[in-house]
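[1] Kindly generate the corresponding structure for this input.
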Amino acid sequence: MLEMKVPSPGESITEVEIATWLVKDGDYVEKDQAIAEVDSDKATLELPAEESGIITLKAEEGDVVEVGQVVCLIDTSAAKPEGGSASAAEAPKAEVKEEVKAAPVATPAPAAPAATYATGTPSPAAKKVLDEKGIDASQVKGSGRDGRITQDDAARFTPAMGTSTQGTRAQSEKKLSSLRRKIAQRLVSVKNETAMLTTFNEVDMSAIFALRNQYKDEFKAKHGVGLGFMSFFTKAVTRALELYPDVNSMIDGDYQVKFDFADVSVAVSGPKGLMVPVVRNAENLTFRGVEQSIKDLAIKVRDGKISVDEMTGGTFTITNGGVFGSMMSTPIINPPQSGILGMHNIVERPVVKNGQIVIAPMMYVALSYDHRIIDGRESVGFLVAVKEAVEDPLNVLMGGDAKRALEL
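    Residues are numbered from 1 along each chain as shown. Got it, this is the predicted structure:
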């Protein structure tokens with residue numbers, strides 16, 4: 001009998017939560033088959049079977065278990081059932097029985113109760129409530145015997161809605177996952193422990209639109225990834241971080257830690273919530289390299305295969321609320337980082353160019369920053385540097401040669 005213990009998903013993680021069992025108690029499992037999904041405070045990971053055999057579960061979904069704790073047993077001496085599981089073998093028999101059953105006889109729907117003198121008549125207690133509310137009894141549908149209006153009907157009735165509130169009023173509750181609880185703690189700590197401010201600007205996306213329309217098909221055909229907005233903004237951010245290094249730093253006690261590299265965290269929405277995988281050394285990547293890295297990380301987030309290492313160690317974050325239609329927001333810092341850039345939706349608006357009012361695709365951008373370590377001059381200058389690069393990517397980001405920068 002093999003005891004399966006919770007492996008350590010990473011440094012500093014001492015416990016995980018059993019999010020979902022992918023098998024049932026008594027199932028036969030194959031070696032390396034995924035048998036459970038476990039949530040740590042940083043990521044969701046799959047737990048593979050260490051050997052083949054019959055499994056016995058020792059923990060329930062939602063249980064918080066320590067690293068090294070036994071969560072299931074595998075009877076490695078058990079033979080694999082022929083033709084699959086027992087439940088699968090029994091399925092054909094059930095189908096045969098179903099075939100020989102006679103067709104069910106339709107049961108007539110019960111007739112609606114006939115109206116009586118009591119229908120629509122309020123009880124004394126209900127009449128008192130209706131009189132206090134100034135409501136005519138004819139507006140209320142009774143749920144009592146023979147359609148009589150009960151005190152509860154009268155109390156629940158809302159005149160503005162023209163109906164009783166005794167319709168669907170269901171509610172449900174679900175325990176937050178370990179990951180979601182940790183995210184909540186981190187967000188609250190940011191508000192409580194940092195001096196977070198946000199500065200805004202707007203960027204004209206016309207130049208990026210023109211470059212994408214000209215080269216996106218050729219770029220996709222050669223590299224197998226799309227030419228999106230994220231590569232332009234990532235390159236604009238890495239340039240701005242070099243110009244304003246205080247934004248690419250963080251506080252550690254009484255010290256300021258500065259980085260000479262840009263590990264850019266990119267917020268990605270996944271089944272388990274918002275994840276922030278890291279594009280390492282983004283300052284050294286080409287447009288193709290950025291697009292490929294973001295695509296690979298997004299697929300891992302979507303499939304629940306992102307690792308803890310791929311989500312830690314970022315120095316700055318980019319989040320794009322525009323994909324959900326956000327016009328403007330104040331993104332919250334991803335600790336222990338000191339800055340985060342928020343992108344938003346692109347809207348055609350009238351703007352003034354060369355003294356003329358023209359229509360241009362415009363985007364609001366926001367930089368939230370920790371004012372304890374980043375001053376107003378640096379924050380505003382950083383955002384202006386991003387704006388300059390986005391509005392003139394050919395000269396600022398591509399050295400005047402788009403085909404060479406895009407490796408075409």
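[2] could you list every residue that touches residue 333?
    190, 194, 196, 317, 339, 340, 368, 369, 370 (CB atoms under 8 Å, 6 or more residues apart in numbering). Heads up, the C-betas are built off the backbone N, CA and C, glycines and all.
[3] again, only this time at 10 Å
    By CB atoms under 10 Å, 6 or more residues apart in numbering, the contact list for residue 333 reads 186-187, 190-191, 194, 196, 198, 250, 317, 339-340, 368-370.
[4] Assign it to helix, strand or coil.
    With DSSP: H, G, I helix; E, B strand; the rest coil as the basis, residue 333 sits in coil.
[5] how near is it to residue 345?
    Here the criterion is CB to CB, to the nearest Å. By it, residue 333 lies 22 Å from residue 345.
[6] Then residue 37?
    Taking CB to CB as the criterion, residue 37 is separated from residue 345 by 33 Å.
[7] Which of these two has more residues huddled nearby?
    Ranked by neighbour count (other CB atoms under 10 Å), residue 37 and residue 345 place residue 37 first, with 20 against 16.
[8] May I see the buried residues of stretch 392-405?
    Across stretch 392-405, burial judged by 16 or more other CB atoms under 10 Å covers 393, 396, 397, 398, 402, 405.
[9] Looking at the residues you listed, which are in helices?
    Mapping the buried residues of stretch 392-405 onto helices (DSSP state H) picks out 393, 396, 402, 405.
[10] What is the most widely separated pair among those?
    Largest separation among those by CB to CB: 396 and 402, giving 12.0 Å.
[11] wait, residue 34 sits on residue 22?
    Yes - using CB atoms under 10 Å, residue 34 and residue 22 qualify as a contacting pair, with a distance of 5.5 Å.
[12] Can you check which residues contact both of those two?
    46, 47, 49.
[13] residue nearest the centroid of this structure?
    The centroid of the chain falls nearest to residue 273 when counting by CA atoms, centre = their mean (2.8 Å).
[14] How about the contacts made by that residue?
    With contact taken as CB under 10 Å, 6+ apart, residue 273 is in contact with 44, 176, 177, 179, 180, 183, 301.
[15] One more pass at 7 Å, please.
    Residue 273 makes contacts with 179, 180, 183, as judged by CB atoms under 7 Å, 6 or more residues apart in numbering.
[16] same thing with residue 18?
    Residue 18 is in contact with 36, 38, 59, 60, 61, 62, 63, 65, 71, counting by CB under 7 Å, 6+ apart.
[17] List only buried entries from those.
    Buried among the contacts of residue 18 by 16+ other CB under 10 Å: 36, 38, 59, 65, 71.
[18] measure residue 147 to residue 268 for me?
    Between residue 147 and residue 268 the computed distance is 55 Å (CB to CB).
[19] So for these two, which sits in the more crowded spot?
    Shown here are residue 147 and residue 268; by other CB under 10 Å, residue 268 has more neighbours (20 against 17).
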